[in-house]
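**Q** next come a sequence and a model predicted from it.
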Amino acid sequence: MPGALELDELETPRLLYAVLTGHWLDEDGSFELDLDPVRTDNRQVGLRLSVRGTAAPATAYRAVTAEPDDVPYDPAVPPRIELMKIRTGHVFVRPKIDGRDVGWFAFDTGTGAGLTLLDAIAEELGMPRLGRRAGGGAGSAIQIASLRQGRSFELGPVTIANSVYVELPDQLRVTMRRLADIEVVGTCGYDLSAGSVETMLGKVAWIDIAGERRSDVPALFVTGASGALADPHTHGTIGGILLAPRKLLFDYGRRRMAVIDVNGSRGS
């Protein structure tokens, strides 16, 4: 499903296009230009360029928001799913890929890669390559991976038809065998990404989440200039420790979530 571009995902492509084409010099009010005193001295002038506003797209280019019908839910299939949790806290499931049980998949909603699959398994299943995509995690490294076209992804009562996978190198299998002594062939949910970035360990004086304040919260403070938080809009991430023992309910289509208490109360 298409989603609305916001923050850095919206601004960076527009700014890059504007600089490459000279459109940033137009007097149509689309861009805002300021002097950057930090990068200005007696030899050079530093400028800060930002997007001032975003006009609504023409009707012909608006996203198609009708929900697809390629993710059927079969109520006749038991909803209980076999899980395995290892000492690192990672959770694994065994979906069927094109009708076959090919092994354990890491289940993680924290990343945006979609479905991923080892290239050796994709070759074994005869999945054609669709193209390539670039991506990265918390670290600065950008990786180029092929896309594979599958027929179906089944996990419990849910089936994803015409599933597309990001092809992973065999290093994932080696890494998970070393960490957990299991064979992992892919990831699902919003997937598992790895990376590194310079950080410092400390505490946040307090943080309010869903109406409840936590004090003296242990935190990692990112000091590196690259990675997932290296944009002017993202200030941090929140992990499961702050939310436990509550449950999270995500409604990605409507861009909202709920924090549900074990006793039934909730915050949004």
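**A** That came through fine.

**Q** hmm, what's the outermost residue in this protein?
**A** residue 42 (42.7 Å; C-alpha atoms, centre = their mean).

**Q** thought residue 219 was touching residue 205?
**A** No: contact between residue 219 and residue 205 fails when scored by C-beta atoms under 8 Å: they sit 10.2 Å apart. Where you see a C-beta, it was placed from the backbone N, CA and C, and this is true even at glycine.

**Q** OK, contacts around the residue farthest from the centre of the chain?
**A** Applying C-beta atoms under 8 Å, 6 or more residues apart in numbering to residue 42 gives no contacts.

**Q** ok, now residue 149?
**A** Counted by C-beta under 8 Å, 6+ apart, residue 149 has contacts 127, 128, 129, 130, 162, 164.

**Q** hey, what's the last one bridged with?
**A** If I follow you right, that is residue 164. residue 149 (DSSP bridges).

**Q** wait, doesn't it sit right on residue 130?
**A** Yes: here residue 164 reaches residue 130: they are 6.7 Å apart, a contact under C-beta under 8 Å.

**Q** which of those two has more residues huddled nearby?
**A** Neighbour totals were compared for residue 164 and residue 130, and residue 164 leads with 17 against 13 (other C-beta atoms under 10 Å).

**Q** what's near enough to touch that one?
**A** Residue 164 neighbours (C-beta under 8 Å, 6+ apart): 114, 115, 130, 147, 148, 149, 150.

**Q** which one of residue 219 and residue 205 is surrounded by more residues?
**A** More neighbours surround residue 219 than the other of residue 219 and residue 205, with 18 against 7 (other C-beta under 10 Å).

**Q** quick one: low-confidence residue ranges for the stretch 1-150 of the chain.
**A** 1, 53-61, 109-113, 133-143 (pLDDT under 70).

**Q** one more time with 50
**A** For the stretch 1-150 of the chain, applying pLDDT under 50 flags the ranges 137-140.

**Q** that one: strands as residue ranges?
**A** 31-35, 47-51, 84-85, 91-93, 96-97, 100-101, 104-108, 115-118, 129-135, 143-149 (DSSP state E, counting those that start in this stretch).
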